[in-house]
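Participant: whatever this is, show me its structure:
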Amino acid sequence: MSEQPEREQPRAEPAVEPLLVRVEEAARILSLSRSTIYEMMDAGELPSIRRGTARRIPVAALREWVARQTAPSSVS
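Facilitator: Okay, the predicted model is just below:
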């Protein structure tokens, strides 16, 4: 029996989480509509970054928004 040369396995690139997402992606992540995401951005409830006509939302801002929504409110 002859040894066969080892085949090199393709290296899987590590998954990289995006820092910014499009409005459509943010809507999918939060299970909200695109128009609701635009309303939230316009009201200053959700920060966004503009580059030309493109708007992107930081993933960290989506996480922070969810944390604020789920945090117990401090009512005196």
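Participant: all strands for this structure, in order.
Facilitator: With strands called from DSSP state E, the chain shows them at 20-22, 49-51, 54-58.
Participant: how about CSV for those strands, with mean neighbour count added?
Facilitator: From N, CA and C alone the C-beta is placed, and that goes for glycine too. Below are the strands of the chain laid out as CSV (neighbours: other CB atoms under 10 Å):
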stretch, mean neighbour count
strand 20-22, 17
strand 49-51, 10
strand 54-58, 17
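Participant: for the ones you listed, give me JSON lines that also has distance to S73.
Facilitator: Below are the strands of the chain laid out as JSON lines (distance: least, CB to CB, whole Å):
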{"stretch": "strand 20-22", "distance to S73": "28"}
{"stretch": "strand 49-51", "distance to S73": "29"}
{"stretch": "strand 54-58", "distance to S73": "24"}
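Participant: and of those strands, who's closest to D42?
Facilitator: strand 54-58 (10.6 Å; CB to CB).
Participant: what sits against the residue nearest to the spatial centre of the chain?
Facilitator: Residue closest to the mean C-alpha point of the chain, counted by CA atoms, centre = their mean, is V59 at 3.8 Å. V59 makes contact with 17-21, according to CB atoms under 8 Å, 6 or more residues apart in numbering.
Participant: so how far is M40 from it?
Facilitator: 15 Å (CB to CB, to the nearest Å).
Participant: repeat that for A15.
Facilitator: 27 Å.
Participant: of these two, give the one with the bigger neighbour count.
Facilitator: M40 (19 against 5; other CB atoms under 10 Å).
Participant: can you redo the contacts of V59 as CSV with distance to T53 and pLDDT?
Facilitator: Shown next, in CSV, are the contacts of V59 (distance: CB to CB, whole Å; pLDDT from 0 to 100):
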residue, distance to T53, pLDDT
E17, 25, 87
P18, 19, 92
L19, 20, 96
L20, 15, 97
V21, 16, 97
